[in-house]
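>>> Test case, fold it:
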Amino acid sequence: MVRGKTQMRRIENATSRQVTFSKRRNGLLKKAFELSVLCDAEVGLIIFSPRGKLYEFASSSMQEVIDRYKRHTKDRVQPENQADAQNLQHMQHEAAILMKKIELLEISKRKFLGEGLQSCTLQEIQQIEKQLERSVSTIRARKTQVFKEQVERLKEKEKILTAENAKLREKFVGLQQNQTPSEDKEGEAVCTDSSEKSDVETELIIGPPESRTRRLLQN
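Predicted coordinates:
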C-alpha cells in the first residue's frame, strides 16, 4: 500500500517546535560540514532561530564566503544592468532628438502664422513666403478638385431625376389614354339626352284652350 505524502506545516506546540529545530539544525550543520570535506566545496551556512539566535558554519571564513558571493552576483547582474543602462541612455537620446524636432516645428508654425518674424533675415522671410505660396497653390488645386467632384455628383443626380421624370410622364400619358373612351361615351350620352329633350315642347302658349288646340294642330 502506497502512503500518501503528508503536507508539511508549522508545529503548533512550542516545546515540540524547539526540539525539532535543534535536531534539524544540528543535522543541517553536519551535512554542510560533510559536503565541504567530502567534496572540497566552499560552504557557508547561516541560521537564525525563532528567537533571533545566530548559528553559522563556514568551511573557510564566513566573510570570505560572503565576499565571494557578492562578487559572483555582481558579475552575473552587471551585464543586465549594463544593458538596461544602455537602453535608458538610448531612449534619453531619442527623447532629446524628438524634443528638438518639436521645438523647431513650433517655431516654424509661429513663423507661418506671422509671429516671431523680427529675428528672421530677408532670405528666411523669402523662403517662408515661397513655402506659403506653394501651400496656397496646393490648397487651391485641392479646392478645384473638390468642386469638380461635387459637380460630377450633381450631374449624376440630375440624370437620375430626369429618367424618373420621363417614367412618370409615360405613366401619366398612359393613364390619359385609358380614360379617353369612357369620356367619349359620356359625351355621346349627353348629346343623346339633349336631342331627346329637344323633342319635348318647350314653347309657352298663352290664351284660351281652343286657341291652343288650333295652334298645335297647325303646327
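
>>> How is the chain partitioned into domains?
Domain assignment of the chain by automatic domain parsing yields the ranges 14-60, 77-118, 120-179.

>>> Just name the most buried of these.
Highest mean neighbour count of these: domain 14-60, a mean of 12 (counted as mean count of other Cβ atoms under 10 Å). Using the backbone N, CA and C atoms, a C-beta is placed for each residue, glycine as well.

>>> what pLDDT, on average, does that domain get?
Across domain 14-60, the average pLDDT comes to 90.

>>> Next, Gly116: secondary structure please.
When the structure is split into helix, strand and coil by DSSP: H, G, I helix; E, B strand; the rest coil, Gly116 lands in coil.

>>> Name the helix or strand for the closest residue to it other than its chain neighbours, please.
Nearest residue to Gly116 in three dimensions, chain neighbours excluded: Arg110, at 4.7 Å (Cβ to Cβ, 6 or more residues apart in numbering). Assigning secondary structure by DSSP states H and E places Arg110 in helix 62-112.

>>> okay, the angle between the following helix or strand past that helix and helix 62-112?
The helix or strand immediately downstream of helix 62-112 is helix 122-198, counting by DSSP H and E. Counting by axes from the mean of the first three to the mean of the last three Cα atoms, to 10 degrees, helix 122-198 lies at 60 degrees to helix 62-112.

>>> tell me what helix 122-198 is packed against?
Taking 3 or more Cβ pairs under 8 Å, 6 or more residues apart in numbering; DSSP states H and E as contact, the helices and strands that helix 122-198 lies on are helix 62-112.

>>> Show me what the helix it packs on is packed against.
Based on contacts counted as 3+ Cβ pairs under 8 Å, 6+ apart, the elements that helix 62-112 packs against are strand 44-48, strand 54-58, helix 122-198.

>>> what would these look like in JSON lines with distance to Asp84?
As requested, the helices and strands packed on helix 62-112 are arranged in JSON lines below (distance: least, Cβ to Cβ, whole Å):
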{"stretch": "strand 44-48", "distance to Asp84": "30"}
{"stretch": "strand 54-58", "distance to Asp84": "34"}
{"stretch": "helix 122-198", "distance to Asp84": "44"}
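
>>> Of these, which is nearest Tyr69?
For these, the distance to Tyr69 is smallest for strand 44-48, at 7.5 Å, taking Cβ to Cβ.
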